[in-house]
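# Here is a sequence together with a model predicted from it:
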Amino acid sequence: MEPTREIYWNIVGGPAIYGLAIIAVGLLLRGIWRRSQLWRQGTSEHRTDRLAERLRGLLIEVFGQRRHLRDPFPGVAHLLIFYGFLGAFIATTLIALQEWTGIHFIAGPFYLYFSLFADIAGGIGLVGLSMALYWRLIVRPDRLHSVMDDWVALGLLFLLFIQGFVVEGIRIESTELNSAPEVARWSPIGYAVALMFRGVDSASLLTLHRGLWWFHAVTAIAFITYFVYGKFTHVIYGAGNIFLRNLGPMGKLSHPDIDQLLDEDEEALDRLGVGQLDRFSWKALMDVDACVNCGRCESVCPATISGSPLSPRKLIQDMHGHLDKLGGSMLAGEAVSDALPLMGEAGDASQPAVLEAELWGCRTCGACMQECPMYIEHVPKIVDMRRHLVMTESKMGEDAQAFLKNMDDRMHPFAGASRDREEWFEDLDVKVFGRGDRAEYLFWVGCAGSMVDRNIEVSRSMVKVLDAANVDFGLLGAEEVCTGDPARRVGGELTYQMCAKENIESFERYGIKKVITTCPHCFNTLKNEYSDYGGELEVVHHSELIEELLHSGRLTPKKNLDSVTYHDPCYLGRHNEVYEAPRTVVESVSEKGAFVELEKSRSKSHCCGSGGGYAWMDDNPEKRINQERFEQVQGCGAKTAALSCPFCMQMFADASSALDPEGEVRVADIAELVAESLED
């Protein structure tokens, strides 16, 4: 007789469970539909392009668990739980199909493999759950903030897997252990459980089996019902969020067309940014429902680590709670009440969901977004809320107010800067577009590169490198104004657009199509954001151009450095995924084996602390972010820290003066290192 088993062995009325399951699935779908209707109260946003790429990314993240595995131990635990649950779901579905179709296919060799598959799935699920409990109860990392929902979720899964094995073990003891032990062994865990019940009288086993079977069935129904109201929503909302993720550069922000808005409505400026949840896009609202409170974002946030009030995890969780509070009125089409404000100050009687101090702590480095396994977009939300505070309520710190005023008055963010943009190259033989010169490339110097002494040295070194390689380049000189990046990141969108449009006019006036820059912030803005206003440019960071010149043989530097490391700037690395070019440049001037990789490098690089306007602001944290990063550099033992960003240079110079007054670690831009190697 071929091996098989009776699906409803010892159970009366077993098929009725499918009726309960249908009701539970109905409740599940109702919950999803209701929540999706809530998201639709947000503003429009297009996220259904490039469908093949979206599907491919979804499959990689769901089945490969790529981002989860960036943190190995909890990542493996989640992977095992996922595949254990998936395997159990597949096994249950096959059983249901056999019952519904009447085709008895779970028999013979397939039954044996099916039994082994189901046991392995349950086994790895239990291993993953045990690891998760160990992580939460024993390791207890600071980033974890366990709440009742976490324990209910783990408890339900544990209960389902344990119940399944006990029910299986009793059935095996009663039907296979003695009569067909060779079949029973194909369910290794169930077989082991069956041995535990050997010797128990038959009547007791039948009663116990029947009770546990129904307990297991009801638990499964409760699990389905709970699915959309608790922790497990991330299985649905998270998968949707991954599919609808941003496929563009991380560093690109949304672009409200202020001129068009003003043409349509004189009071449009009063609504710029986001002051209430219904002003967010539907995708932003979906984001807050996808959050699983895992704390990965919090563990890498430089602001959180330095003691700032900001926690990206708490920010999203608080917005989720606010959405729950406002959901009913939003679905009813009622205006969102100011009595339940989204933002406010600590101590406000109205108890705002998000504190303004939290928003001002963000450096826009993107570390939170890079780590989030659900692809939640924290930074755009923060910038949108900053836009509202700055442009609608005129609420910002004195530092932000001062540098925005400088931007409006002088088209650069530096207070009291005595230099003009041409002083640094007066003694150099360079082309200037405004003097009638033309060139293949514009060397975009940036504000820091033309006004800050330390960064002027970098600009002059870059000119030497370009001259040595016979690159045809020119400067805008006095006609160059700030890209507007700092203003945009603090919420001054109007100032940003004013700067962008003036620069784009200059590019068009001189027919500029190719741009080189030493500043990743300028690089990101020129490359990714100016196109929204007609600025179609081919923009390269100086690390990319130097790498190209090295490969083509137009530069042949000498290898002088015997111990060097490299710090990845956020806006070059995470935001634009340029990692190899600067390393190629550094290695070109280093002896073999001289390069030391920092522990926190590439996409996990620790921010220097200057982004989001913080090259001109200060929030007096418990520990300065730049000093935290400089200590990491000191800890790696390298004698030289190679940089590729003027803001990072400012931050490292400041940290070096405080932590390394003897100058044991040299701080230099890659352009300086190459220029020096060419002189030898």
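Alright, I've got the coordinates.

# From the contact counts, what lies against the helix or strand where Glu61 lies?
In this assignment (DSSP states H and E), Glu61 forms part of helix 51-64. Helices and strands touching helix 51-64, by 3 or more CB pairs under 8 Å, 6 or more residues apart in numbering; DSSP states H and E, are helix 239-243. C-betas here are computed from N, CA, C, even on glycine.

# what's the following helix or strand after the helix it packs on?
Helix 239-243 is succeeded, C-terminally, by helix 258-264 (DSSP H and E).

# now could you export just the CA positions of that next one as CSV?
The C-alpha coordinates for helix 258-264 follow below in CSV (Å, rounded to 0.1, in the frame of the first residue of the first chain):
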residue,chain,number,x,y,z
ILE,A,258,6.6,77.5,-7.0
ASP,A,259,6.0,79.7,-10.0
GLN,A,260,3.2,77.5,-11.3
LEU,A,261,1.7,77.2,-7.8
LEU,A,262,1.7,81.0,-7.5
ASP,A,263,0.1,81.4,-10.9
GLU,A,264,-2.7,79.1,-9.8
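
# model confidence over that helix, on average?
Mean pLDDT, helix 258-264: 75.

# What residues of that helix count as buried?
For helix 258-264, a neighbour-count test (16 or more other CB atoms under 10 Å) marks Ile258 as buried.

# what about whatever helix or strand comes next after that helix, distance to the chain center?
Sequence-wise, the next helix or strand downstream of helix 258-264 (DSSP H and E) is helix 282-290. Centroid separation for helix 282-290 versus its chain: 14 Å, with CA atoms, centre = their mean, to the nearest Å.

# on contacts alone, who are the packing partners of helix 282-290?
Taking 3+ CB pairs under 8 Å, 6+ apart as contact, the helices and strands that helix 282-290 lies on are helix 16-39, helix 239-243, helix 312-331, helix 378-387.

# For it, list the C-alpha coordinates in CSV.
Taking C-alpha atoms only, helix 282-290 is exported to CSV below (Å, rounded to 0.1, in the frame of the first residue of the first chain):
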residue,chain,number,x,y,z
TRP,A,282,-0.2,58.5,-0.6
LYS,A,283,3.1,56.7,-0.8
ALA,A,284,4.4,58.6,2.2
LEU,A,285,1.4,57.5,4.2
MET,A,286,1.9,53.9,3.1
ASP,A,287,5.5,54.2,4.4
VAL,A,288,4.5,54.8,7.9
ASP,A,289,2.3,51.7,7.9
ALA,A,290,5.1,49.6,6.5
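
# Number the chain from 764, please
Sounds good: first residue 764 from here, last item helix 1045-1053.

# now the helices for the stretch 1314-1443 of the chain?
Using DSSP state H, counting those that start in this stretch, the helices of the stretch 1314-1443 of the chain run over 1343-1351, 1388-1399, 1409-1422, 1433-1442.

# Could you check the angle the second one makes with helix 1409-1422?
Looking back up the chat, that one is helix 1388-1399. Using axes from the mean of the first three to the mean of the last three CA atoms, to 10 degrees, the inter-axis angle of helix 1388-1399 relative to helix 1409-1422 is 70 degrees.

# Run through who's touching helix 1388-1399.
For helix 1388-1399, the surrounding residues in contact (CB atoms under 8 Å, 6 or more residues apart in numbering) are 1065-1066, 1068-1069, 1126, 1328, 1330, 1359-1363, 1369-1373, 1404, 1414-1415, 1417-1419, 1421-1423, 1427-1428.

# Next, the contact list for His935, please.
I think there's a mix-up here, since residue 935 is Ile and not His. So Ile935 contacts Ala947, Ser950, Gly953, Tyr954, Val956, Ala957 (CB under 8 Å, 6+ apart).

# can you redo those residues as a markdown table with distance to Ser1157, secondary structure and neighbour count?
Listed next are the contacts of Ile935 as a markdown table, based on distance: CB to CB, whole Å; DSSP: H, G, I helix; E, B strand; the rest coil; neighbours: other CB atoms under 10 Å:
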| residue | distance to Ser1157 | secondary structure | neighbour count |
| --- | --- | --- | --- |
| Ala947 | 75 | helix | 23 |
| Ser950 | 69 | coil | 27 |
| Gly953 | 68 | helix | 27 |
| Tyr954 | 72 | helix | 21 |
| Val956 | 68 | helix | 20 |
| Ala957 | 73 | helix | 24 |
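
# between these, which is closest to Ala1202?
Ser950 (75.1 Å; CB to CB).

# mind giving me the domain ranges of this protein?
814-1006, 1021-1158, 1165-1442 (automatic domain parsing).

# quick one: the longest one to chain centroid distance?
Taking the mean C-alpha point of domain 1165-1442 and that of its whole chain, the gap between them comes to 24 Å (CA atoms, centre = their mean).

# Repeat that for the second one.
A distance of 16 Å separates the centroid of the chain from that of domain 1021-1158, by CA atoms, centre = their mean.

# Could you list which residues are in contact with Glu824?
Applying CB under 8 Å, 6+ apart, the residues near Glu824 are Arg830, Ile1005, Pro1136, Tyr1138.

# Find the residue closest to the first one in space, skipping its chain neighbours.
Translated: Arg830. Pro1136 (4.1 Å; CB to CB, 6 or more residues apart in numbering).

# now swap in Cys1135 and tell me
Cys1060 (5.5 Å).

# and if you look at Ala1401?
Thr1328 (3.8 Å).

# I'd like to know how far that neighbour sits from Leu1016.
Distance from Thr1328 to Leu1016, counting by CB to CB, to the nearest Å: 31 Å.

# May I have the distance across stretch 798-811, first residue to last?
19 Å (CA to CA, to the nearest Å).

# With stretch 902-918 instead?
Termini of stretch 902-918 sit 19 Å apart (CA to CA).

# In that stretch, which residues are buried?
Neighbour counts over stretch 902-918 (16+ other CB under 10 Å) mark Arg906, Leu907, Asp912, Asp913, Ala916, Leu917 as buried.

# So the residue nearest to Ala1401 sits against Ala1357, correct?
No: applying CB atoms under 8 Å, one finds Thr1328 not in contact with Ala1357, separated by 9.6 Å.

# for the residue nearest the centre of the chain, what are its contacts?
Nearest to the mean C-alpha position of the chain, by CA atoms, centre = their mean, lies Met1132 at 1.5 Å. Going by CB under 8 Å, 6+ apart, Met1132 touches Met1013, Cys1060, Tyr1138, Ile1139, Glu1140, His1141, Val1142, Arg1337.

# Just confirm the first one contacts Tyr1334, I think it does.
No: counting by CB under 8 Å, Tyr1334 is not a contact partner of Met1013; they are 9.3 Å apart.

# Give me the more crowded residue out of these two.
Tyr1334 (32 against 20; other CB atoms under 10 Å).

# can you pull the contacts of the nearest residue to that one once chain neighbours are set aside?
Nearest residue to Tyr1334 in three dimensions, chain neighbours excluded: Pro1283, at 3.8 Å (CB to CB, 6+ apart). By CB under 8 Å, 6+ apart, the contact list for Pro1283 reads His1304, Pro1332, Cys1333, Tyr1334, Leu1335, His1338, Asn1339, Ser1407, Cys1408.

# CA-only coordinates of stretch 1409-1418 in CSV, if you can.
The C-alpha coordinates for stretch 1409-1418 follow below in CSV (Å, rounded to 0.1, in the frame of the first residue of the first chain):
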residue,chain,number,x,y,z
PRO,A,1409,34.6,70.2,1.2
PHE,A,1410,32.0,69.8,3.9
CYS,A,1411,33.7,66.7,5.2
MET,A,1412,36.9,68.6,5.1
GLN,A,1413,35.5,71.3,7.3
MET,A,1414,34.2,68.7,9.8
PHE,A,1415,37.4,66.7,9.8
ALA,A,1416,39.5,69.8,10.3
ASP,A,1417,37.4,70.8,13.2
ALA,A,1418,37.5,67.4,14.8
